[in-house]
Each structure stands twice: as C-alpha cells, then as structure tokens.
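Engineer: dropping the sequence and predicted coords here.
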Amino acid sequence: MLPRLSLLARSALKGAGTPAGGVRVVSTLPEMPPCDFQPSPYKGISYEDAMHRRKTKLTPALLTYYKKPVMVYQGHMQWLWDVHGQRYLDLFAGIVTVSVGHCHPKVKEAAKEQLDLLWHTTNVYMHPPIHEYAEKLTSYLPGDLKVCYFTNSGSEANDLALLMARLHTGSFDIISFRNAYHGASPYTMGLTAHSTWTYNMASGFGHHHAMNPDVYRGLWGGAHCRDSPVQTDRSCSCAAGECMAKDMYLEQLHEVLRYSTGKKVAGFWAEPVQGVGGAVQYPKGFLKEAYAMVRERGGICIADEVQTGFGRLGSHFWGFQTHDVMPDMVVMAKGIGNGYPLAAVVTTPEIAQSMTQALHLNTFGGNPVACAVGSAVLDVMEEDGTQQNSADVGTYFLLELAKLRDEFSIVGDVRGKGLMIGLELVKDKGTREPLPGPDVVSIWEDIKDMGVLIGKGGFYGNVFRIKPPMCLTKQDVDFGVAIIRRAIEKYCEQTQQTKAAAVN
C-alpha cells in the first residue's frame with residue numbers, strides 16, 4: 001500500500017519556522033486521498049541517465065519544470081507516479097490537456113482497438129473513424145459550425161485558421177489581445193502577444209494587439225466584472241447592469257481598429273479565458289460587443305478553445321458560450337484527445353470553401369487512432385459527467401482558494417470558472433506589484449515537494465495555473481488547497497524570520 005501522504009510531504013512539514021511573536025503557525029494537512037490503482041514497477045533508464053540525455057540530446061531551449069525535475073512514468077486519472085514511486089496529485093493535467101483522466105480505461109481501450117485495425121493512412125484515402133468523429137464532434141457545436149479540419153496541435157490549428165481567415169475575407173489585418181498565447185509557430189507567433197514566448201524575429205506582419213481587458217491587473221476593473229464565483233477586490237461604483245471597465249476596454253479596441261488597421265480586417269482572436277496568460281477573464285458582455293465591432297469591419301471571429309473547451313468551464317461545453325457569442329471558427333486541441341496528439345478547426349461551409357483555392361491535406365491530421373481516441377473522449381465526458389463535475393468541484397475549489405486571498409497578504413487574486421483557475425501572487429495588494437520570481441518559485445517548488453503539481457504562468461510568472469483533469473474530487477481539492485496553504489505559510493514564516501533577523 002502506497003503512503004497516503006508522501007514522504008516528501010511529511011519531511012516538508014519538519015522544521016517549520018516560528019514567525020515573529022513566537023506563535024508557531026502550522027496547518028493541519030489531510031492525508032493524501034487514497035488511490036486503489038497500483039502502478040507497475042519502473043524498469044527504465046535511471047533518473048541520472050535521463051537527466052544527462054536531456055541535457056545533451058534534447059534541445060537546450062526545452063522548458064523543464066522544477067530545480068529537481070519530476071520524471072513521471074505512469075498515470076491514472078488525476079494521479080501521476082514518478083520513477084521513484086512518489087505519487088502526485090496532478091492539478092495541471094499536462095498543461096490543461098488531460099481532460100477525462102490519465103490513461104482513462106475507455107479511451108485507452110478505444111486506442112487499442114483501433115491500433116489492431118489501422119494505425120495510419122493519410123486523408124487522401126477514406127477511413128471510417130474520421131467520418132464518424134467529424135459527425136460526432138460537430139454535433140456538440142451550435143449553428144453552422146459543421147466543417148472540420150483536423151490537425152495535431154493547437155499551434156497548427158491556429159496557423160490554419162489564420163490562413164482561412166485571410167483567404168475568406170480577402171483582408172490581412174488580424175487582431176488579438178496583449179498577454180494572449182495562441183501558439184509558437186512562426187505564423188502564430190504574431191498572434192501571441194507575450195514576450196516570454198516570442199523570439200526576436202519578424203513574425204507579426206498584419207497583426208495588431210489590443211489592450212488586454214484584464215479587470216484585475218488592467219487599467220480598469222471592479223468588483224462585479226467577471227463571470228466567476230470570485231471577483232476582484234477592486235472597488236466598483238458602476239450602476240446595476242452597467243460596467244465602466246467593459247466600455248473603456250471596448251474603446252481601446254475601437255482605437256486599434258480606427259488607427260492601426262485598414263478599413264477591413266481579416267479576423268479577431270480571443271480565448272474565452274486566457275490560459276498561458278494566467279486565467280485572465282474579461283468584463284462580462286465585452287466579447288459580445290467586440291465581436292460586433294470586428295464584424296462591422298468585415299472580419300470574422302475566432303474562438304481559441306484550446307484550453308477552455310470540452311466542458312472545462314462547467315456551465316457550458318464551450319467557453320465562447322459563456323460570453324453569449326457565436327464565433328465563425330473554433331480552434332480546439334489539448335483536452336480534445338485527453339493527451340493524444342489531436343486538434344481541429346471547425347468552421348462554416350462558406351468559410352471552408354476558401355481552402356479550395358489550392359490543394360490541401362495534413363499527413364497526420366485526422367489519423368485513425370486520433371479520431372478513435374477523440375470519439376471515445378466525447379463518450380466518456382457524457383458518461384462520467386465531466387462538465388457538471390467541473391462546475392461543482394471547480395466552484396468549490398475557487399471558493400476554498402478565495403479564503404487564502406483573505407488570509408494571506410501575498411495572494412492578490414483568485415479567479416476563473418469551473419476547473420480553469422488562477423491564483424496570483426503579489427508583493428503588495430494595493431499596487432498589485434507582482435511577487436518576485438524567486439519567491440514564487442520557492443512556494444511552487446514546496447508545493448511539488450509536498451505531492452501536488454501545478455502550473456505557473458501570467459506575464460510576470462506569478463500566477464499559479466490550476467487546471468486539473470476534470471475527474472477531480474472535492475477530497476482532492478481539500479488536499480490540494482491544504483498543501484498550497486502550507487507552502488504559502490512557510491514562505492510567510494521565513495519572510496518574517498528574515499525581516500526580524502535584519503532588524504536585530
């Protein structure tokens with residue numbers, strides 16, 4: 001039987017500091033929730049050998065989490081095991097990708113069955129899974145969003161959507177938000193407005209970045225702006241049903257259209273909730289008016305659902321539905337295949353016709369195994385009730401994390417919807433000055449050492465990204481919040497000790 005609370009978690013509790021005033025503050029941690037699954041014994045290369053190969057055989061630009069990286073080798077639902085047998089609660093889902101659970105039995109079985117029949121044939125030939133999956137996937141989309149282009153990643157899907165937007169409209173100008181992330185290919189790098197991920201090269205021809213309508217960190221925002229169980233702590237004097245912040249950000253978008261683009265634009269990109277940017281939410285009603293503004297200029301509207309789609313926001317299957325808008329194209333990836341390489345652009349028959357100007361195919365897009373997996377994922381979402389679970393458990397998670405904002409001076413904001421959550425750390429709540437990077441990392445590392453994996457993002461790298469597999473339970477939430485609380489407590493205790501020592 002594996003220990004319910006890891007040895008790392010137990011050791012992390014030893015020697016906790018005593019803050020100035022002499023009162024020792026130690027949270028009582030619950031035991032790690034039980035898991036009946038038994039991982040198989042690890043028999044692969046050693047950790048040390050893998051680290052050497054990573055440094056010498058893989059690109060030096062490869063991002064690696066943690067000072068002592070976790071080397072995982074097996075997963076089951078919301079759990080991961082490393083090569084040392086350590087169990088972790090996965091609250092990041094392989095960067096918001098594992099939607100229904102690691103190695104979900106039904107999805108795994110669908111992949112095995114298809115592997116026994118046909119692994120691959122390009123789309124110049126017909127095979128049943130792609131046609132069956134296209135029919136099933138489009139049944140989840142409203143209106144005339146009925147034509148699928150299958151690809152392998154979100155960057156590739158956004159790349160294709162860019163091409164279609166320009167071909168269909170005959171225009172070139174594209175608009176996205178500052179702080180947005182839509183991919184890192186040479187074409188999509190112009191869409192992405194986040195310098196952390198942008199190389200110093202020509203990539204932004206025809207791209208224009210509007211002010212990010214961030215109601216916490218932006219110029220305007222109040223206490224009732226966003227579609228979330230947790231609002232900002234900024235004061236708000238807006239009358240009922242009105243939002244000054246929304247109107248001010250819309251005016252900024254209008255300024256971009258007025259001064260920076262031609263009389264016609266090709267397209268407007270927006271994530272329903274910004275992912276890499278730190279779970280940023282826009283003012284309620286903003287996106288609907290922004291869509292109308294862009295369409296007045298002849299542009300089409302693209303919803304980037306790579307992270308928000310497939311029920312993750314809880315109240316709706318698609319993130320754009322939470323804004324009461326109808327996009328012209330929907331880009332999806334990550335959770336679409338529960339970790340299997342699969343992505344898609346779904347659009348209208350009219351827009352799809354634009355691609356007939358030349359021949360088009362994708363060697364691996366719509367692969368038989370990928371389509372079988374994607375179809376099984378949709379079935380599991382219905383059978384397991386993952387969307388409702390995201391609503392119930394996600395709301396509970398947000399409200400529990402909101403208590404940390406009330407408790408700790410360094411927790412500046414808690415936000416999100418469903419199981420797409422951000423917790424922003426600050427040095428000063430009044431100025432919203434970000435907590436310095438090394439301080440954020442020390443808390444983040446401590447959380448990992450106590451058995452919980454979370455992401456990190458936002459422009460300043462000061463936002464904990466919490467986007468777990470959608471099979472998460474409230475018991476898991478209690479454990480995860482307790483670990484995050486203890487890591488923050490330890491940081492605050494150590495900070496107080498350092499200040500006290502400096503005074504003495």
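Structural biologist: In hand now; what should we look at?
Engineer: domain map for the chain?
Structural biologist: Taking automatic domain parsing as the criterion, the chain consists of the domains 7-103+386-503, 118-384.
Engineer: tell me which of those is the most buried.
Structural biologist: Most buried of the domains of the chain, by mean neighbour count (mean count of other CB atoms under 10 Å): domain 118-384, with a mean of 20. (Glycine included, C-beta is placed from N, CA and C.)
Engineer: longest strand in this protein, please.
Structural biologist: Counting residues, the longest strand found in the chain (DSSP state E) is strand 420-428.
Engineer: could you list every helix and strand in contact with that strand?
Structural biologist: helix 386-407, strand 411-417, strand 433-434, helix 437-449, strand 463-466 (3 or more CB pairs under 8 Å, 6 or more residues apart in numbering; DSSP states H and E).
Engineer: going by mean pLDDT, which of the domains of the chain comes out lowest?
Structural biologist: Lowest mean pLDDT within the domains of the chain: domain 7-103+386-503, at a mean of 91.
Engineer: what distance separates that one from the centre of its chain?
Structural biologist: Once both centres are worked out by CA atoms, centre = their mean, to the nearest Å, domain 7-103+386-503 turns out to sit 15 Å from its chain's centre.
Engineer: over to stretch 121-133?
Structural biologist: Remark: stretch 121-133 is offset 30 Å from the chain centroid, using CA atoms, centre = their mean.
Engineer: how about it as CSV, C-alpha atoms only?
Structural biologist: Once non-C-alpha atoms are left out, stretch 121-133 reads as follows in CSV (Å, rounded to 0.1, in the frame of the first residue of the first chain):
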residue,chain,number,x,y,z
THR,A,121,-3.4,6.3,-43.6
THR,A,122,-3.4,9.9,-44.9
ASN,A,123,-6.7,11.6,-45.6
VAL,A,124,-6.3,11.2,-49.4
TYR,A,125,-7.9,7.8,-48.6
MET,A,126,-11.1,7.3,-46.7
HIS,A,127,-11.3,5.5,-43.4
PRO,A,128,-14.3,5.2,-41.0
PRO,A,129,-13.0,6.9,-37.8
ILE,A,130,-12.5,10.4,-39.3
HIS,A,131,-16.0,10.5,-40.7
GLU,A,132,-17.6,9.1,-37.6
TYR,A,133,-15.7,11.5,-35.4
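Engineer: gap between Q86 and S46?
Structural biologist: Counting by CB to CB, to the nearest Å, the gap from Q86 to S46 is 15 Å.
Engineer: same deal with Y491?
Structural biologist: 33 Å.
Engineer: could you do G366 as well?
Structural biologist: From G366 to S46 the distance is 39 Å (CB to CB).
Engineer: repeat for I300
Structural biologist: According to CB to CB, I300 and S46 sit 52 Å apart.
Engineer: also F205?
Structural biologist: In terms of CB to CB, F205 sits 47 Å off from S46.
Engineer: same thing with V96?
Structural biologist: 30 Å.
Engineer: again, but for H360
Structural biologist: Relative to S46, and taking CB to CB, H360 is found at 46 Å.
Engineer: just give the nearest non-adjacent residue to Y133, would you?
Structural biologist: C371 (4.0 Å; CB to CB, 6 or more residues apart in numbering).
Engineer: swap in T232?
Structural biologist: Nearest non-adjacent residue to T232, counting by CB to CB, 6+ apart: Y216, 4.8 Å away.
Engineer: residue contacts, the nearest residue to G183 once chain neighbours are set aside?
Structural biologist: The shortest distance from G183 to any non-neighbouring residue, by CB to CB, 6+ apart, is to S155 (3.2 Å). Contact analysis of S155 by CB atoms under 8 Å, 6 or more residues apart in numbering lists 182-185, 188.
Engineer: contacting residues for the closest residue to L342 other than its chain neighbours?
Structural biologist: Distances taken as CB to CB, 6+ apart place A370 nearest to L342, at 4.3 Å, with adjacent residues excluded. With contact set as CB under 8 Å, 6+ apart, A370 has these partners: 150, 152, 337, 340-342, 364.
Engineer: what do you get if the cut-off is 10 Å, keeping everything else the same?
Structural biologist: Neighbouring residues of A370 by CB atoms under 10 Å, 6 or more residues apart in numbering: 111, 114, 120, 129-130, 133, 150-152, 336-337, 340-344, 364.
Engineer: again with G455
Structural biologist: 65, 91-96, 275-276, 278-279, 422, 444, 463-467.
Engineer: cutoff 8 Å now
Structural biologist: 91-92, 95-96, 464-467.
Engineer: let me know the closest of these to G458.
Structural biologist: R465 (8.1 Å; CB to CB).
Engineer: now do the spatially closest residue to the closest one that is not a sequence neighbour against F205, distance only.
Structural biologist: Spatial nearest neighbour of R465, excluding adjacent residues (CB to CB, 6+ apart): G455 at 3.4 Å. For G455, the distance to F205 equals 31 Å [CB to CB].
Engineer: got the contacts of S155 as CSV, with secondary structure and distance to G385 columns?
Structural biologist: Formatted as CSV, these follow (DSSP: H, G, I helix; E, B strand; the rest coil; distance: CB to CB, whole Å):
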residue, secondary structure, distance to G385
H182, coil, 30
G183, coil, 31
A184, coil, 34
S185, coil, 35
T188, helix, 34
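Engineer: helices along the stretch 51-200 of the chain, start to end?
Structural biologist: 93-96, 105-117, 128-138, 154-169 (DSSP state H, counting those that start in this stretch).
Engineer: fine by me, thanks again.
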